[in-house]
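give me a model of this one.
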Amino acid sequence: MEDDERKPLLSVQVDYEDVEPGTPSSLTSAGYSRGRRASDNRLRSPSKGSLPRLSSVGSNLGRSPSHGSFSDTERLSRASNTDERSKTRKPFHYSPSMSSLSGAAGDHQASATYNRHRYYSKLSPPEDDRLRIPDHIIPPTFFLLLPIRQTEYGKQSSLITIFSVWNTMMGTSLLSMPWAISQAGFVLGIVTLILMAGLTLYTCYRVVKSVDNVEHRGEVLEFSDVCKHYLGKWGEYCSVFFSLSALLGALIVYWVLLSNFLFHSVKFIHDEVTHVNMSGTVNESVLCPSQHPTSHPHQTQYLTQSLANTANTFLETVYKNNGTESTESIFDKVWQQTLSVPLFLVVILGPLLNFKSPTFFTKFNALGTLCVTFILAFVTIKAVQWGINIEFSDISSQFYVPKASVCFPALTGTLALALFIHNCILSIVRNQRNPEKNGRDLSIAYILVAMTYTWVGVLFYISFPMKKSCIESNLLDNFASNDVLAFIARICLFLQMMTVFPLLIYIFRLQFMHTLFGAVYPGFCHVFILNMCVLSLCVIFAIFLPHIGTIIRFSGAFCGLAYVFALPCLVHMLYLRQMNRLTWPIILTHSFIIVLGFANFVGQFAILNEGKK
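The predicted structure is shown next:
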């Protein structure tokens, strides 16, 4: 009875001593049963050149003609020896288990089964895995469980996450915050800033949580992938397009500011060398450029007049007026903020934009934190020197401040870009050590950002020693070139932006090229043509529309319409619908947020005849 139970398992045993290397195989991948039948057929009808000799327990097996024949006694003795060897034979990597140490019969049977399949796998070439040992055949006793400690993928603390979010959002919008608050009015400006911070915080949190609702197999997901999952291809392309639009707006603003800082920095050095003294209207350094209508005409007329002024300036530089010498120096003719400086900047930054990797520029990220710290200190020092200059009741006072203004969309458009971090928030929180604290850390970061914007915007606004309408969209434009603190601020910001601009254009190139060509760097010609197109657009804005307030509010309102207001709400509602948890209050609330984004964009056109700069 014991032999009958063992016979199906040990009916074919491998005698490795008689296996001849290089023997061909005709087995197929039909599995264990077909391999067994094929072996039995060969044993019943042996021939020359057949497979190596196999011995069978309890069956009359004949010898191959090439090996002669054996008597019944020898055959039974040989079969008995084979049976004993097969019981004790182990694979070369077989680890002794508790059952093998105790001599359990089940372990001998498992060893024999593994031996058989190991032999079958040896019959096929190495590149052919059709006879590979199936995983379900290997006994569980062959595996050894090792106590391996799970690796911690998230190593970023909450403090690093909070600081990264704060540092990323502290950009050029900080310089425009006093102007934006002046457009909305003192009280309405503060209330709008708080409400916009809370609204963008919620939609940013929805972006962070949207990845958790998408099933993925270990790959890194971005918000564009989430949009593709819920909205299809058009959702992915829409998210990428508006992300590129936000980056393009930031690049244009950076180029205008770089031209501004380079112009004033070189002018400061020139005036110090040539001993040219400049004085402003207040404290010999504070300026009100908007008092000169030729310098800052009405927005609807600015483009045409700027083009005419630029052409006239160029002609005056080349020719002399009626044969007389111009009163301007050669430096003033050559070094012009809205004509020659943006072109000089192409020579400086152009060669730095074609690198394949931006690793070198990422080493200067600490400059951003130092520049923001210096701007905070700069505004605080100026406010202490000026004092509080604000009046709510006397309209005739030059320090009169309205509590609210119809031009408040200028502030909402600026804040839509100032609080925009939705396209890179997933990269920041991906390495969070405690992902369950993402909501708390994101809230703290947004509170710090709102406090920083409020500190710079409100403090500069209430202490500015001239009419509040004189505040420029770049607060440094209210200071003369010979102001030392302003000069230091411009130099620091210029160096910091020189390292950030190649990073921004690299991210823009990465998203654009990967979407269009499926490669980050398809070729030098592709990259060069794209960089030249982007630089040409930046130079055009720096020459004909060098108003960063207008650029920021339109860019923020346009990109925020989709990436800040619409897409996060749509994705969240579609997820709730799949989970059968979508209710009418949720639909009305998120639809209202989308309507606010659309109204913010339309409002930028509504105040063209009211706003400035």
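
pLDDT weak spots in the stretch 151-300 of the chain?
Scanning the stretch 151-300 of the chain for pLDDT under 70 picks out the ranges 151-154, 215-220, 276-284, 290-300.

hey, where'd the helices end up in it?
158-169, 173-184, 186-210, 223-231, 233-274, 299-318 (DSSP state H, counting those that start in this stretch).

now those helices in JSON lines, with mean neighbour count and distance to L537?
All C-beta atoms are positioned from the backbone trio N, CA, C, and that covers glycine. Below are those laid out as JSON lines (neighbours: other Cβ atoms under 10 Å; distance: least, Cβ to Cβ, whole Å):
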{"stretch": "helix 158-169", "mean neighbour count": "18", "distance to L537": "24"}
{"stretch": "helix 173-184", "mean neighbour count": "28", "distance to L537": "20"}
{"stretch": "helix 186-210", "mean neighbour count": "19", "distance to L537": "27"}
{"stretch": "helix 223-231", "mean neighbour count": "21", "distance to L537": "23"}
{"stretch": "helix 233-274", "mean neighbour count": "20", "distance to L537": "7"}
{"stretch": "helix 299-318", "mean neighbour count": "13", "distance to L537": "15"}
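
nearest to I607, out of these?
Closest of the helices of the stretch 151-300 of the chain to I607 is helix 173-184, at 8.0 Å (criterion: Cβ to Cβ).

just checking, what packs against that closest one?
helix 186-210, helix 366-386, helix 409-418, helix 438-463, helix 548-559 (3 or more Cβ pairs under 8 Å, 6 or more residues apart in numbering; DSSP states H and E).

pick the most deeply packed of these.
helix 409-418 (a mean of 29; mean count of other Cβ atoms under 10 Å).

got the buried residues for the helix or strand that that one is followed by?
Sequence order places helix 425-429 as the next helix or strand after helix 409-418, per DSSP states H and E. Within helix 425-429, the residues that count as buried by 16 or more other Cβ atoms under 10 Å are 425-426, 428-429.

wait, L510 sits on A519?
No. Counting by Cβ atoms under 8 Å, L510 does not reach A519; the two are 9.9 Å apart.

and those two? Which one has more around it.
L510 (14 against 11; other Cβ atoms under 10 Å).

leaving out sequence neighbours, find the closest residue to that one.
Excluding its sequence neighbours, the residue lying closest to L510 (Cβ to Cβ, 6 or more residues apart in numbering) is V520, at 5.3 Å.

between the buried residues of helix 425-429, which is nearest G603?
The closest of those, once distances to G603 are taken by Cβ to Cβ, is I425, at 25.7 Å.

so how far is M177 from C407?
Separation of C407 from M177 (Cβ to Cβ, to the nearest Å) stands at 15 Å.

check F598 too.
24 Å.

what's the closest of the helices and strands packed on helix 173-184 to I540?
Per Cβ to Cβ, nearest to I540 of those: helix 548-559, 11.7 Å.

what packs against that closest one?
Looks like helix 548-559 contacts helix 173-184, helix 233-274, helix 409-418, helix 584-606 (3+ Cβ pairs under 8 Å, 6+ apart).
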